[in-house]
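In: Show me how the following folds:
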Amino acid sequence: MSFPNRPTQRSLPISLLRARETVMGPVRDMLQSSGISEQKWRVLRVVEESGPLEQTAIAKAASLLLPSLTRLNKSMVDDGLLHRTEDPNDKRKAIITITDKGRALIQSHTAESDAIFSNITEQFGAERLDDLLDLLEDLQRLKL
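Out: Below is the predicted model:
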């Protein structure tokens, strides 16, 4: 049995990408002033929120492939945003922590970031946004 393709307006992958671009456009504009990519921003936010983490955990939490994260971490360490140490229990692993410079970068964008997400919440509705986030978490748990 063959199923026709859904129109692109009702395609889940395309709709998710469009929604992502709607949300990320203002975030990218915000980050442009500091010259940091959205991927680096995600890494900083994850490490700042969670504390010292092994790279695999950061990659998963920041939705990055491990090889990409490894390259990002190197440049972020070189830029003084992150600090890398060997895991004392497993020398093959690295533990990543955020530096004061990394925290300061996050802090420098706090007001603008809050304004962006307040605007989204106001336009979309707090309850609808919570429902959407719950639904997206449910979607992520699917075993496809």
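In: lowest average confidence, helix or strand, in this structure?
Out: Sorted by mean pLDDT, DSSP states H and E, the helices and strands of the chain end with strand 90-98, the least confident at a mean of 89.
In: Chain neighbours aside, what residue packs nearest to the residue nearest the centre of the chain?
Out: With distances taken as CA atoms, centre = their mean, the residue of the chain nearest its centroid is R42 (3.4 Å). Closest residue to R42 apart from its sequence neighbours, by CB to CB, 6 or more residues apart in numbering: A62 at 4.1 Å. Yep, even glycine has a C-beta here, placed from its N, CA and C like the rest.
In: For burial, what's the neighbour tally of that neighbour?
Out: A62 has 20 neighbours, counted by other CB atoms under 10 Å.
In: again, but for F117
Out: 14.
In: shaky segments in the protein?
Out: Residues of the chain meeting the criterion pLDDT under 70: 1-4.
In: hmm, try it at 50
Out: Residues of the chain meeting the criterion pLDDT under 50: none.
In: quick one, helices of it?
Out: Under the criterion DSSP state H, the chain contains helices at 12-32, 38-50, 55-61, 66-78, 100-108, 110-124, 126-140.
In: No further questions, thank you.
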